[in-house]
Structures are given as structure tokens and as C-alpha cells.
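A.B. asks: this is a predicted model, with the sequence first.
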Amino acid sequence: MKYSVTQTKLLFLAVLIIPLILITGENLNNLQIPNTEKKDPLAVYEIWDQFGNLHPEGPFTIDEFSSIVDEKVWFGYRKESIPIEILEGLRLEEQLVRIVLDDIKNNKSENIINNNISDKTFTELMINLDREGFIEKTDSLINQSNLKKILLKNVSKFFWIFEKDSKNLPLTVLNSEIFYGKEGWIFSKKLSFCPSLNSENSHREALIKLNSSSKKIYILPIPLKGQIIEERLLPFQMFFIRCDEVKVLNNNLKLLADKFESINYIDLFPIYLSQKDLTSLYSQGNTHWSSYGLSIALVELLSSMDKNSLNEYEKDGLKLANNEVLERLSFITLNIYEDNYMVNTTANFSEKKILLIRDSFFENRNGGNELKILFDYDEIHWSYVEKISPKIFKLIIDSYSIIIVESSIESLLYSNPYGEPRLEILSKLFP
Amino acid sequence: MLFVSTSFLFIFLPSLLVFTWFLKRKYFNAVLLVGSIFFYWIGNGFFLIIIFYIAILMHLQIKYNYLSNRATVLLILMPLLWFKYAGFAVGMLAKIFDISLNTYSGELPLGISFFTFQSIAYYIDTKKKGQNHLNSLSEVVLFLTFFPQLVAGPIIKSIDFKSDLLKIDRFKTDEIQYGILRIGYGLIKKLLFANSLSRLVDIQTQAFETGISMLSAWIIVLAFSFQIYFDFSGYCDIAVGLGKLLGFDLPENFNFPYQAKSFSEFWTRWHITLSQFFRDYVYIPLGGNRNGVLKTYRNLWITFLLTSLWHGANYNFILWGVIHGLFLSVEKIFSKSAIFSFLFKRRLTTFILISISWIPFRFSEFNHIGVILKSLFSFSFINDHTMALLVTEINFLTLIAFVAGILSVVISEETIGRLHKNLFTLKLSYSIYIYSVLLVGLIGVFISEYYPFIYFRF
């Protein structure tokens, strides 16, 4: 069929303009949270669908709000005036929370200034001849649109058809933060970092510093999924991503830490590797542990914290596996059930004040909720710890007698070959 | 505003096309001028003044002839020299004399090398050859700001531009469809191929400090070789396609460059308009190959030194130019040797040597260049950390891009042409084909991460 010039022109324009019309329509309904409000990290918000039904899991903090992944399209926001909730990852006394946030804000004025663009309207940007702001706002509207989300979802679902059965090649296209192994198993890209073994001195110095404080410190480095479940890597990945140094480094550090009275190094490597079914320790669509992997770690932690306690885990039915990372990054929902485990303990820490310095393994959805059942604790996420000054850090830890340090092993001990490991960051913050 | 950005594709382009396609013919030039000026302004702001300065300077000089030609060319070059080379020159002087000197070290006006050279070509053609094709200042400004080729070429000649501007039957179905197809090809090359390969090339160079294996080195070198080809030729595809949508025939900048069987042939296939510029306005005016062997080599080396400096004021680009100058000289010296031709004048050999020559183009640190060069021939098969980093970056698109890159070397130009021709003898509708290509390209806009075009730096 031969088209006329006008038909050809109109067809092409339609292809380009229709997405724009859809996005514009969508944004007329979809109110954005102004950045002036985003600056208040303690604020919580509610969102609703097109029929006005509130999201059942709301209200959300800003971080949660921007990472909600489900089938529905959600609109609007409403700031709750009371009660003010504390951000996940920063659960301290309210006064301390304010101090921490003020300290971070003082060190990060640049970012706050840069964020102002999305508060301005297109008219304001045009009147002010803010061309960069105009482009940024336009691009971000399109890039954050549901149209893009729907498109990505479908592209991802298409490639997943091949990826989920692939045993030799990665057959997906969306893998910015993770990579795919066999049959759609995802792994953190940090698996490719391999430590050098000449960091023993710096580790020793860090442990000496930690030991000199009067706190009981429990260090829980969590092995990366790929370090435990190698069998789910593709053959060529298994061949090239081989790093025996991690196990050596971990073992050396365990031996070193055992010499310090106040430090307890909980080594999960031998316990995990001795399990019959290694794949049951982590979820397929998550880089974090499964209920089983978590329970083993919790029993180890409790046994270490109270040597006289009796701790055990037991099966407690089935639960939907937590495949949050796969869902968030690749828009794939896996309805896989895994064994649910429950931890029973005789340990009692009610008279102790415990601070958890945590990474994502003890986020509520990954393990935080289970930990809260076992004992009461306050928490501070590494992202805050890495930004605060030693003075503020001292102010925080002064109130606690037990400190649990949770982090994935690579970030704690060797990060990547070039960044500073968290163990060293922590030792610098300790008084 | 990048050609692959959502603001360009979904807002700027359709808006401009609505006006240029559906307004009366007499408004075409004005709409295109306003659109082009807006395009440059929104990406570069008041650097636009540089283009106005050059346009006014040339227009007045051609009309009133106040200055000598040399002085005019120097004045055209001034912004380029200041923004691109002053820092390098001052830095060199400061090093030599061990003193501290300050100069401009900010943002480089986008496309400055391209529109400066285009201006010089226009001015020389007008003054020396008496070919004044652009009648008014607005035409000169439009010639310099014409957005499809403004930021990274292809470098166009005023005679071709003017003849396109004068076209009466400007829009044809076939031309528009071909334009859409080229835009689709360009989006796929840039967003799906080049951007995927850049994941392999942009791994942290600190990894080099622990040494890299031969395999890692070759993967990085080949990945960059394919990346720069898909990146720049993808950009040029979009530029040519945009030109077609507006009724302009922009010159082709690429002709299967990795099919070349020698360095001299490579330069007739890679960045063709730049090669032609240096041939017409540097090599030939210097005497070309007409004044004996030594002067021919001198002219060749001067041309390549300028070509390398055109890409960037840095030692790594000079090294890149030296490598090309060296290979071209060797080719000339042994041009009559049958053994040399047998061994070196081969597609694969040329491709491998060209790929190696890209190393200083990509890596500015000499120690990194050294590590990769050494590793390429180290016969080290250690399982290095770089390979682990590379492996985690491989996905389906990277694999496809690598295969497409290899095919661009191993499948002959004729076969590609034949395949393309056969494709359209199938009962497949041409429209379905071009819109499928465009759709895949547009999906690339959404799934690809942000990586600017490599040649936007120049």
C-alpha cells in the first residue's frame, strides 16, 4: 500500500505525539510531591488509585513512595499531619533523628539546591529562561511516566519468557544494578569485586579501635548470594567470577576478631555452605536472604549475643517468596512460595539498649520485621552513618550498650577495590 | 537536547515538523531558522552568540571585504582556539616554564569544531572560488545552525545546502519514509548497541592497576571499536534522517568503515565529510602529493596532526593522530610491495589495527593506554578482576551489539546491500518495516541509560 505525503507525515507525527498526549493526560491527574515537602524526610504520604481507594500498605515515606511496584497506577498524595513517623532506617529517639538529619543537611546543601527544578512549573521555567530546568523537567516527566513503566514492564516480560529457562546465556535487557544467572536467578553486580589480601593491618587497626569502646559489638557480614549459590551462575559467569580471596579474608578476620573481647564476628560462610540445599538460603528474585537464610543468621546472632540462650528455627508453613529486587528493577512478578521459618529463643535483652547499624538485609521486608519480634532495638542505616560526623556518631552510640553491625560482606570488608570499606568508616567514627 | 532524548523526540521534533510540514512554503526558512536557533539555545544557552558572531563576521566580510582572508579565518577560529585549545596551550606553557597561569576551563560550546570548520569552508569557497550561495545573513545563520547537523556534523557545503533550501517539491513520501527508517536505524545503533557496549568500555579503569588479562583487553578494545562506530554512525543516521524529513540531502559520513582494507581506505569510509574537509582545505592547499615524496609526507603528517587536534586538545588525541599518520606513511612507503599488500592490506588486519588505534582515543591516561596495549599481547590468561567486572555487564543487548559489530567487519558490503535489497522484494510492507524499526528504536529511548554521543565532545 502506497501512502500519500500527507498520510506519511500524519502517521509519523501520530507515532511521536501519541505518547506525549498519554503522558500529558497522565500528569494532569498525577500530582507530584513538591520538593519543598520532600525536604522533610520525616513526612509520610498516602496514595490512592483512580477510584480513590487508598493503597493498603500506606502511608509511605518518600523513599517508599518512589519505589512502589504493583499492577495498579496510583495517583495523588496526602501528607499526614499526625502522627509524625520516623523514617525506616533511622529509628532513634526523635531528638537524635533531628540532630542526624540536621548534620547531614549541613553537609549536603548542594543537593538541596539542585532539587528545586521539579518544584517549578513549566511557565516559571520559561519566564526565567531556565533552559536546563525546562529540559530536565520535560525529560523527567516522560521518564517517570506510567507509559514508560508499562512499556518497560512489557519489554521485560517478553524477554523473561526466554530468560526464565536460559541455562547458558543472559537473555534479558534490563539489568542496570543486577545481573542474571541461570533461569532468571538474579545476582548483585558487586559479586565481581574481589578483595586484595593485604588489608589485614587496616582491619586489625579497625578492630582495635572498636574494641577500645566499652560497647559489645556484633559484626554480621552477610555473604553475597553468588558467593554461596555458585550453581545458579551461568557457566561463563562461574568461570570468570571466581574469587577465593573473599573466603580467605573472611576467615582471617574471624580469627583476628576472636582475639578481641568486645567484638563478636558472626561468620555465616561455613554455616551457609554446610546446608544441603544452598538455593534455599536466598530468594530467586532477590539479592537478599530467604526466610531460611534469615533464620539461620538470626539463630547465630542470638547465640552469640547470649551464650546461654537456646535458639532454634522451625518451619512455619509457606509464604510468598520475597522477590522485591526482581520486581523493582525488572518488573517481573514471581509467585513462588518458599518455606517460612520462625525463630524461637530464650534470650532476653529487655534491659539492654541495642543499636542496629544496618544495610538492606534488616530492612523490614527482608528481615527487620522478624528481628523486631526477637528483641527491641533502635536502628540507623549505613547511608546515614556514612554521612554523619564523629561527634554526632558518638552522641548516638553513647546511649547504647550493644551494637549490631549488619552489612553485606563486600561493603563491610572490601567494598569495591577502590572505595572505603564500612569497617574502616566505622572505626574512624568510633571515639 | 540530544537527538535520542525524550524532549527532542516527543516535543521538539513533532512541534517543528508540524510547522515546517503544514505551514506555507514561504514560512519554511523562517520556521527552520527559529527552530534551529531554539535547538542550540536550549542546549547551550548564550554560546549561541558565537554562531551569530561568526555568521555576522563572514557576512560583512564577504559583502564589504574589510579584512584580509587570513585575518578573517583567524577571527573565525578565535572562539574555537579560546574555548578548546587555550587551556591546553597555557597548560603546556605553564609546565615548560613552571609557572601558574589561568585560562578558560569551563564547558565547551557544543559542536564548536563542526560549525567553525563549516564556516571556514564556506568562507574559503566564497572568497577563493567565488561561490557565494547564501544571499542573506539569515541564510548564513541557518546554514550554521541547521539543527540536524549542527552539533556533530556531517559537515555540509553551502552549495548543497542552498540547493536543498531552494527545492520546490520538498516533501516526498519515499524521502520521508527513508528519513524515518534512518532515524530508526540511528536510534537502534546508538541506544541499543552503542550504549550497551559502553557498559563494557566504561568499567572502572582503576581495575587496570592490578593488571588485566589479554582476553579482557581485547574485549574492551573491540567493544570500544564497535561502540564508537555505532555511536557516531547512529548519530549520523539520525542526522541524515532528520534532513530527509525536512527535505535536505545531508552527505553520508560512513560507508562500512570496518570493511576497509587499508588505513587510507578507512579514511574514505569513516567520518567522510571531515576527511574531505581536511583534504580540500588543508592537504591540497599545502601541496598534496604534487611536490615530491618528502613534502607529501610532511603534508600528510600536518593533516593528521590537525585532525587529531580537531578531536581534542590533549596528548592522547595527538598519539592517536601519530598512530594513523604512521600507518598511512608505512602504507605509502610499501604501497608497491606485494608481500606487504598480502599481509596487511586485508580487512581483518586493518580492522584490528584500527581498533588498537582507538585506545588513545578512548583512554586519556597514558598509563591506562600502556596497560591495555601491553595486555593485548601479553598472552596472559589469568582470571583477572576486570573480566569479572565485564562478565556482570553482559546481557542480551551487549551480546547482540557485539555480534552486530563483528558482522559489520566480516560480512561484505555487497552482501549487506544484497540482503537489504532482498528484504524489500519480500511481501513485507515497507511501511510496516520502517515503523517496526522506529518502534524498536523508540523502545530503546525508554530502556537505555543516559550516555551522550561520543562525538558531542568535539
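C.D. replies: Yep, it's here. Numbers count the residues shown, from 1 in each chain, chains lettered A, B, ... in the order given.

A.B. asks: from now on I want contacts and neighbour counts done on CA atoms only, so please keep to that.
C.D. replies: Noted.

A.B. asks: interface residues of the stretch 251-400 of chain A facing chain B?
C.D. replies: By the rule Cα under 8 Å from any Cα of the partner chain, no part of the stretch 251-400 of chain A lies against chain B.

A.B. asks: who's in contact with the closest residue to chain B within the stretch 251-400 of chain A?
C.D. replies: Residue nearest to chain B within the stretch 251-400 of chain A (Cα to the nearest Cα): residue A:330, separated by 10.8 Å. Neighbour list for residue A:330: A:152-153, A:156, A:174-175 [criterion: Cα atoms under 8 Å, 6 or more residues apart in numbering or on different chains].

A.B. asks: now residue 198, what's its secondary structure?
C.D. replies: All of this refers to chain A. Judged by DSSP: H, G, I helix; E, B strand; the rest coil, the three-state class of residue A:198 is helix.

A.B. asks: chain B, not that one
C.D. replies: At residue B:198 the chain is in helix, as set by three-state DSSP.

A.B. asks: hmm, it is touching residue B:224, no?
C.D. replies: Yes - Residue B:198 is within contact range of residue B:224, at 7.1 Å (criterion: Cα atoms under 8 Å).

A.B. asks: which of the two has more neighbours?
C.D. replies: Neighbour count, other Cα atoms under 10 Å in any protein chain shown: between residue B:198 and residue B:224, residue B:224 has more, with 26 against 20.

A.B. asks: and the two most separated of the contacts of residue A:330?
C.D. replies: Among those, the pair separated by the greatest distance (Cα to Cα) is A:153 and A:175, at 13.1 Å.

A.B. asks: how close does residue A:98 get to chain B?
C.D. replies: According to Cα to the nearest Cα, to the nearest Å, residue A:98 stands 36 Å off from chain B.

A.B. asks: am I right that that residue sits in a helix?
C.D. replies: Yes - assessed by three-state DSSP, residue A:98 belongs to a helix.

A.B. asks: list the contacts for residue B:315?
C.D. replies: So, once contact is read as Cα under 8 Å, 6+ apart, residue B:315 ends up touching residue B:364.

A.B. asks: the same query, at a cut-off of 7 Å, please.
C.D. replies: Residues counted as contacts of residue B:315 (Cα atoms under 7 Å, 6 or more residues apart in numbering or on different chains): none.

A.B. asks: between the two ends of stretch A:235-251, how far is it?
C.D. replies: Length of stretch A:235-251, first residue to last, Cα to Cα, to the nearest Å: 27 Å.

A.B. asks: flag every buried residue along it.
C.D. replies: Within stretch A:235-251, the residues that count as buried by 16 or more other Cα atoms under 10 Å in any protein chain shown are A:237-238, A:240-243, A:246, A:249-250.

A.B. asks: need the contact partners of that stretch.
C.D. replies: By Cα under 7 Å, 6+ apart, stretch A:235-251 touches A:168, A:192, A:194-195, A:197, A:230, B:383, B:387-388, B:391.

A.B. asks: now residue A:264: which helix or strand?
C.D. replies: Assigning secondary structure by DSSP states H and E places residue A:264 in strand A:263-265.

A.B. asks: and that strand, what does it pack against?
C.D. replies: strand A:216-222, helix A:245-257 (3 or more Cα pairs under 7 Å, 6 or more residues apart in numbering or on different chains; DSSP states H and E).

A.B. asks: each with direction, which strands does the first one pair with?
C.D. replies: Right, the one you point to is strand A:216-222. Partners of strand A:216-222 in the sheet, by DSSP bridges, are strand A:263-265 (parallel), strand A:402-408 (parallel).

A.B. asks: can I get these in JSON lines including mean neighbour count and mean pLDDT?
C.D. replies: Formatted as JSON lines, those follow (neighbours: other Cα atoms under 10 Å in any protein chain shown; pLDDT from 0 to 100):
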{"stretch": "strand A:263-265", "mean neighbour count": "21", "mean pLDDT": "93"}
{"stretch": "strand A:402-408", "mean neighbour count": "21", "mean pLDDT": "93"}
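
A.B. asks: for residue B:401, find the nearest of those.
C.D. replies: Nearest to residue B:401 among the strands paired with strand A:216-222 is strand A:402-408 (33.3 Å), distances taken as Cα to Cα.
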